[in-house]
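Visitor: Here is my input; please provide its structure:
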Amino acid sequence: MLDLIILSLHFFICFLISVAIWRGPKDVNLNSSRAGGAEMEPDGLVFIGKEEDLKKSQRITAKVDGREIVVFYHKGKFHALDSRCYHEGGPLCHGEIEDIDGQACIVCPWHKFKITLETGEGLYEGINPLESSPTPKWQSKGVKQRIHKITIDNGNVYVSPPDLSVSFDSDYFAEKYKSGGELAMGK
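Guide: Sure thing, here's the model as predicted:
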(Lines give C-alpha, C1' and ligand atoms only; values in the text may rest on other atoms or scores of the structure.)
Protein backbone atom coordinates (compact mmCIF):
# COMPACT_ATOMS: atom_id res chain seq x y z
CA MET A 1 0.00 0.00 0.00
CA LEU A 2 2.84 2.38 0.89
CA ASP A 3 4.45 1.63 -2.50
CA LEU A 4 1.25 2.67 -4.27
CA ILE A 5 1.11 5.95 -2.32
CA ILE A 6 4.77 6.72 -3.10
CA LEU A 7 4.27 5.89 -6.79
CA SER A 8 1.16 8.10 -6.95
CA LEU A 9 3.04 10.94 -5.27
CA HIS A 10 5.89 10.53 -7.79
CA PHE A 11 3.51 10.80 -10.76
CA PHE A 12 1.78 13.82 -9.22
CA ILE A 13 5.13 15.59 -8.75
CA CYS A 14 6.11 14.79 -12.36
CA PHE A 15 2.79 16.25 -13.48
CA LEU A 16 3.40 19.45 -11.50
CA ILE A 17 6.89 19.80 -12.98
CA SER A 18 5.42 19.37 -16.48
CA VAL A 19 2.88 22.11 -15.85
CA ALA A 20 5.59 24.41 -14.44
CA ILE A 21 7.75 23.89 -17.54
CA TRP A 22 4.84 24.57 -19.91
CA ARG A 23 3.91 27.72 -18.02
CA GLY A 24 7.53 28.76 -17.36
CA PRO A 25 9.50 31.65 -18.88
CA LYS A 26 9.13 32.21 -22.59
CA ASP A 27 12.01 31.52 -24.96
CA VAL A 28 13.78 34.43 -26.56
CA ASN A 29 12.61 34.76 -30.16
CA LEU A 30 15.14 36.72 -32.17
CA ASN A 31 12.73 36.74 -35.11
CA SER A 32 9.80 38.35 -33.31
CA SER A 33 9.98 41.48 -35.48
CA ARG A 34 9.27 39.39 -38.58
CA ALA A 35 5.72 38.55 -39.47
CA GLY A 36 5.16 34.85 -38.78
CA GLY A 37 8.61 34.24 -37.23
CA ALA A 38 11.23 32.48 -39.39
CA GLU A 39 11.41 33.55 -43.01
CA MET A 40 11.84 31.26 -46.05
CA GLU A 41 14.66 32.30 -48.38
CA PRO A 42 14.51 31.78 -52.17
CA ASP A 43 16.86 28.77 -51.95
CA GLY A 44 14.51 27.02 -49.50
CA LEU A 45 16.57 27.77 -46.39
CA VAL A 46 14.80 29.26 -43.37
CA PHE A 47 16.43 32.27 -41.67
CA ILE A 48 16.77 31.64 -37.92
CA GLY A 49 18.79 34.63 -36.73
CA LYS A 50 22.08 36.47 -36.71
CA GLU A 51 25.10 34.32 -35.90
CA GLU A 52 26.38 36.68 -33.19
CA ASP A 53 22.95 36.86 -31.50
CA LEU A 54 22.68 33.07 -31.41
CA LYS A 55 26.20 32.73 -30.05
CA LYS A 56 25.27 35.07 -27.19
CA SER A 57 21.96 33.38 -26.37
CA GLN A 58 23.41 29.82 -26.77
CA ARG A 59 19.96 28.49 -27.78
CA ILE A 60 16.83 29.63 -29.52
CA THR A 61 13.56 28.06 -30.58
CA ALA A 62 12.02 28.69 -33.99
CA LYS A 63 9.49 27.21 -36.39
CA VAL A 64 10.53 25.66 -39.68
CA ASP A 65 7.59 24.65 -41.88
CA GLY A 66 5.39 24.88 -38.76
CA ARG A 67 7.70 22.47 -36.90
CA GLU A 68 9.24 23.58 -33.59
CA ILE A 69 13.02 23.29 -33.57
CA VAL A 70 15.69 24.33 -31.13
CA VAL A 71 19.09 25.63 -32.24
CA PHE A 72 22.01 25.28 -29.82
CA TYR A 73 25.41 26.92 -30.00
CA HIS A 74 27.80 24.70 -28.05
CA LYS A 75 31.60 24.62 -28.07
CA GLY A 76 31.90 26.55 -31.32
CA LYS A 77 29.26 24.60 -33.28
CA PHE A 78 25.61 25.11 -34.13
CA HIS A 79 23.17 22.19 -33.77
CA ALA A 80 19.47 22.10 -34.66
CA LEU A 81 16.96 19.43 -33.68
CA ASP A 82 13.26 18.97 -33.09
CA SER A 83 12.40 20.90 -29.94
CA ARG A 84 10.40 18.08 -28.35
CA CYS A 85 12.02 14.92 -26.98
CA TYR A 86 11.28 11.71 -28.86
CA HIS A 87 10.33 9.93 -25.61
CA GLU A 88 7.37 11.92 -24.25
CA GLY A 89 7.61 15.37 -25.86
CA GLY A 90 9.65 17.11 -23.16
CA PRO A 91 10.91 20.62 -24.10
CA LEU A 92 14.57 20.17 -25.06
CA CYS A 93 15.02 23.95 -25.13
CA HIS A 94 14.98 23.78 -21.30
CA GLY A 95 17.45 20.88 -21.08
CA GLU A 96 21.07 20.96 -19.97
CA ILE A 97 23.93 20.01 -22.28
CA GLU A 98 26.28 17.32 -20.93
CA ASP A 99 29.38 15.66 -22.33
CA ILE A 100 28.88 11.89 -22.49
CA ASP A 101 31.82 9.84 -23.76
CA GLY A 102 33.09 12.81 -25.76
CA GLN A 103 29.69 13.59 -27.29
CA ALA A 104 27.67 16.72 -26.54
CA CYS A 105 24.18 15.62 -25.47
CA ILE A 106 21.02 17.48 -24.56
CA VAL A 107 19.34 16.02 -21.48
CA CYS A 108 15.54 16.13 -21.57
CA PRO A 109 14.31 17.99 -18.48
CA TRP A 110 11.33 15.66 -18.03
CA HIS A 111 12.81 12.17 -17.90
CA LYS A 112 16.57 12.76 -18.33
CA PHE A 113 16.76 11.03 -21.73
CA LYS A 114 20.09 11.86 -23.39
CA ILE A 115 20.28 12.80 -27.08
CA THR A 116 23.45 13.57 -29.01
CA LEU A 117 23.42 17.03 -30.58
CA GLU A 118 25.45 15.86 -33.59
CA THR A 119 23.41 12.83 -34.71
CA GLY A 120 20.15 12.72 -32.69
CA GLU A 121 21.05 9.33 -31.21
CA GLY A 122 19.39 8.33 -27.96
CA LEU A 123 21.94 7.12 -25.40
CA TYR A 124 21.51 4.90 -22.37
CA GLU A 125 23.85 3.43 -19.81
CA GLY A 126 23.73 -0.34 -19.73
CA ILE A 127 25.75 -3.36 -18.69
CA ASN A 128 26.61 -6.64 -20.34
CA PRO A 129 25.53 -9.30 -17.82
CA LEU A 130 27.79 -11.85 -19.54
CA GLU A 131 30.92 -9.95 -18.44
CA SER A 132 32.61 -11.31 -15.32
CA SER A 133 32.60 -7.83 -13.77
CA PRO A 134 29.86 -5.88 -15.59
CA THR A 135 30.46 -2.16 -15.69
CA PRO A 136 27.97 0.36 -17.07
CA LYS A 137 28.79 1.69 -20.55
CA TRP A 138 27.03 4.25 -22.74
CA GLN A 139 25.22 2.61 -25.64
CA SER A 140 23.11 3.86 -28.53
CA LYS A 141 19.38 3.29 -28.96
CA GLY A 142 19.78 4.45 -32.56
CA VAL A 143 18.84 7.78 -34.07
CA LYS A 144 15.63 8.90 -32.37
CA GLN A 145 15.62 12.70 -32.68
CA ARG A 146 15.41 14.51 -36.02
CA ILE A 147 18.32 16.87 -36.58
CA HIS A 148 18.21 19.76 -39.03
CA LYS A 149 20.99 20.99 -41.32
CA ILE A 150 22.40 24.41 -40.43
CA THR A 151 23.94 26.81 -42.94
CA ILE A 152 25.80 29.98 -42.00
CA ASP A 153 26.09 32.65 -44.67
CA ASN A 154 27.29 36.25 -44.20
CA GLY A 155 26.67 36.14 -40.45
CA ASN A 156 23.16 34.71 -40.82
CA VAL A 157 22.07 31.29 -39.54
CA TYR A 158 19.70 29.24 -41.69
CA VAL A 159 18.06 25.84 -41.26
CA SER A 160 17.04 23.54 -44.10
CA PRO A 161 13.44 22.31 -44.02
CA PRO A 162 13.23 18.68 -42.86
CA ASP A 163 13.30 15.77 -45.32
CA LEU A 164 10.12 13.99 -44.29
CA SER A 165 10.76 10.98 -46.55
CA VAL A 166 12.62 9.46 -43.58
CA SER A 167 10.83 9.22 -40.23
CA PHE A 168 12.19 9.58 -36.70
CA ASP A 169 10.63 8.94 -33.30
CA SER A 170 10.55 12.71 -32.58
CA ASP A 171 8.25 13.26 -35.58
CA TYR A 172 5.24 12.18 -33.51
CA PHE A 173 5.69 15.01 -30.99
CA ALA A 174 6.77 17.51 -33.66
CA GLU A 175 3.42 16.90 -35.35
CA LYS A 176 1.48 16.88 -32.07
CA TYR A 177 2.91 20.24 -30.95
CA LYS A 178 2.67 21.81 -34.42
CA SER A 179 -0.91 23.00 -33.97
CA GLY A 180 -0.08 25.34 -31.07
CA GLY A 181 -2.38 26.00 -28.16
CA GLU A 182 -1.24 24.79 -24.74
CA LEU A 183 1.03 22.22 -26.35
CA ALA A 184 3.12 24.86 -28.13
CA MET A 185 6.66 25.70 -27.05
CA GLY A 186 7.01 28.03 -24.10
CA LYS A 187 3.31 27.92 -23.21
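Visitor: List the residues that contact the closest residue to G120 other than its chain neighbours.
Guide: Nearest non-adjacent residue to G120, counting by C-beta to C-beta, 6 or more residues apart in numbering: Q145, 3.8 Å away. All C-beta atoms are positioned from the backbone trio N, CA, C, and that covers glycine. Taking C-beta atoms under 8 Å, 6 or more residues apart in numbering, we find Q145 in contact with 81-82, 85-86, 115, 120-122, 168-170.
Visitor: what's the closest of these to N154?
Guide: L81 (24.2 Å; C-beta to C-beta).
Visitor: who are the neighbours in contact with the closest one?
Guide: 69-70, 92, 106, 115, 117, 120, 145-148, 170.
Visitor: just curious, which of those is nearest to T61?
Guide: Of all these, V70 has the smallest distance to T61: 5.2 Å, by C-beta to C-beta.
Visitor: Do I have it right that the closest one meets I60?
Guide: Yes. Taking C-beta atoms under 8 Å as the definition, V70 is a contact partner of I60 at 7.3 Å.
Visitor: thinking again about what came up before, how far away is the residue nearest to G120 from T119?
Guide: Distance, Q145 to T119, by C-beta to C-beta, to the nearest Å: 9 Å.
Visitor: again with R67
Guide: For R67 relative to T119 (C-beta to C-beta), the value is 19 Å.
Visitor: Neighbour count: the two, which is higher?
Guide: Comparing R67 with T119 by neighbour count (other C-beta atoms under 10 Å), the higher total belongs to R67, at 22 against 16.
Visitor: Lovely, talk soon.
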